[in-house]
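Colleague: compute the structure for the input listed below.
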Amino acid sequence: MTALTIPSATALGLVNRLANMFAMPSFDTPEKLRPTAYLDGLRGFAAFLVYWHHHELWSHGLVRDAIFEQGYGFDGQHYFSALPFVRNFFGGGHYAVATFFVISGYVLSVKPMRLIHAGDQEKLADNLGSALFRRWLRLFMPLIFTTFLFMTSWHAFGIWVDSAKPQSNYHDEFWWWYAEVKNFSFIYHLGGEPWLSYNFHLWSIPVEFKGSMVIYTSLLAFSRCTRKARLWCQVALIFYFVYIVDGTHYALFSAGMLLNDLDLLAVKDDLPSFLTRLEPFSKHIFYSLFVVSFYLGGVPVHTKDINDLAKTPGWYYLSFLKPQAVYDYKWFYLFWAGVFLVVSVPRIPWLKRFFETRFCQYLGRISFALYLVHGPILWTIGDRIYTAVGWAREPQITMLANWVNKFPLPMAGPFGLEMAFLLPHIILLPLTLYVAEISTRLFDEPSVTFPNWLYKQVLGSGQPARLP
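Modeller: Next up is the predicted model:
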């Protein structure tokens, strides 16, 4: 009897576990939000902007997408979706990525910076050692699993994907995927493309890993500095990344670390005196920073030529601010946009409450998975739906002939808000959120728990080492 009940109980447990794994998402939020919950919501909403941006560009084609990425009035083109401020809701993906990097710098430094403030060098050493050990696995495990499944689907189901170049058989495909992923995840490799062909949206993951290393090494380097010296060292590091070398990505991380340091000092009423003197004007300052952030976040990004920016109405004088060191000018303006946004959000009550809403908190929980899976869904199911409703381009007309104008929808509406663009999201948005939810459970959450478990397995029985 026992021999029969054990397998039955095991099977029942497995069925329940699978049912929970693929259950519909829950939008429940904890009774008490964390002090930095607004950052989770901001990150989630930014991930949604990336999703929307990529759908706008993909559906409207590579020629007309310039309208989203050029400024209002450039070349005599005037579209509602290109207006200042409005444009961020159509082509705000780069603005969102800059915000990701500032948030990462802030969040990664929260605990180590508290230990630095407390002068606890022993726990700081253990914390940084653990963070360094776990970080590669945390970032690249979900990337490996999702790109493997996407690559496998091409051969398992015979799926055609625009811009993909599948190999003739699965064995060759697997080897090509392995070679590309292992090179992509090695941040010190020289040469080659900065894109991963199996999901070129994920270019930011190696940048995220490099930025993490900047944060951890900076924390270690500044850990014994005085308060004043530590703050100046962080400012100098940011200046170096922005104005001396082409390192604006890492300036964004470093700025997030500095903001965290200042917030911790504010809690202790230990801010530099010049900042405390600005307190009576804080409301006007932070609202102004938010407006400036929202304007700069819409920097035209269609080309890297600063002369094109100068020709864009509203950007002529701003174009003179670009430092010599910055090659792709957009990241200079996005640096200030991302920093000013993260600075202003917690100090504008209604804005902070918005990012603490249930939906934004949910988006924050699935944000990494949403970033990982929205591209593959767009390039498979989304591409076919867009082709069916009237957005067919030359490759789709040839390769998806049976889908072309299968269910044509009216193109009425402002550019970027056509009925034929909005209605497909009745299917695409819930589907993408559901797949992101499942991917969070299958890949994202294990990429947190497994490295934690592994680190505990490799620890010795001795005490954590002290910093030298």
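
Colleague: quick one: low-confidence ranges for this structure?
Modeller: Applying pLDDT under 70 to the chain flags the ranges 1-31, 62-65, 461-468.

Colleague: okay, helices next: where are they in the stretch 101-250 of the chain?
Modeller: 121-156, 170-184, 204-222, 227-239, 248-267 (DSSP state H, counting those that start in this stretch).

Colleague: what comes up buried for the third one?
Modeller: When you say that, I think you mean helix 204-222. Under the neighbour-count criterion of 16 or more other CB atoms under 10 Å, helix 204-222 has 204-209, 211-212, 214-216, 218-220, 222 buried. C-beta coordinates here come from the backbone N, C-alpha and C atoms, glycine included.

Colleague: likewise for the shortest one?
Modeller: Of the residues in helix 227-239, those scored as buried under the neighbour-count criterion (16+ other CB under 10 Å) are R230, L231, Q234, L237, I238.

Colleague: just send the residues you listed back as a markdown table, with distance to R384 too.
Modeller: Shown next, in a markdown table, are the buried residues of helix 227-239 (distance: CB to CB, whole Å):
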| residue | distance to R384 |
| --- | --- |
| R230 | 54 |
| L231 | 53 |
| Q234 | 49 |
| L237 | 47 |
| I238 | 45 |
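
Colleague: OK, contacts around the closest residue to S223 other than its chain neighbours?
Modeller: Nearest in space to S223, with sequence neighbours left out and distances taken as CB to CB, 6 or more residues apart in numbering, is I116 at 5.1 Å. For I116, the contact set (CB atoms under 8 Å, 6 or more residues apart in numbering) comprises L124, L219, F222, S223, R230.

Colleague: same check on R384?
Modeller: Contacts of R384 by CB under 8 Å, 6+ apart are L400, W403.

Colleague: and it, what helix or strand is that in?
Modeller: R384 belongs to helix 383-389 when assigned by DSSP states H and E.

Colleague: buried set for the very next helix or strand once past that helix?
Modeller: Once the chain leaves helix 383-389, the next helix or strand it forms, by DSSP H and E, is helix 394-399. Buried residues in helix 394-399, counting neighbours by 16+ other CB under 10 Å, are found at Q396.

Colleague: is V299 in contact with K330, as I believe?
Modeller: Yes. Using CB atoms under 8 Å, V299 makes contact with K330 at a distance of 5.0 Å.

Colleague: common neighbours of the two, please.
Modeller: Residues touching both V299 and K330 by CB under 8 Å, 6+ apart: H94.

Colleague: before we move on, back to that, save the contacts of I116 as JSON lines, and put in distance to L42 too.
Modeller: Formatted as JSON lines, those follow (distance: CB to CB, whole Å):
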{"residue": "L124", "distance to L42": "27"}
{"residue": "L219", "distance to L42": "23"}
{"residue": "F222", "distance to L42": "26"}
{"residue": "S223", "distance to L42": "28"}
{"residue": "R230", "distance to L42": "26"}
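
Colleague: would you confirm that L370 contacts Y362?
Modeller: No. Taking contacts as CB under 8 Å, L370 lies outside contact range of Y362: 10.3 Å.

Colleague: what number of residues lie near F174?
Modeller: F174 has 15 neighbouring residues, counting by other CB atoms under 10 Å.

Colleague: in contact with it, which residues?
Modeller: With contact set as CB under 8 Å, 6+ apart, F174 has these partners: M151.
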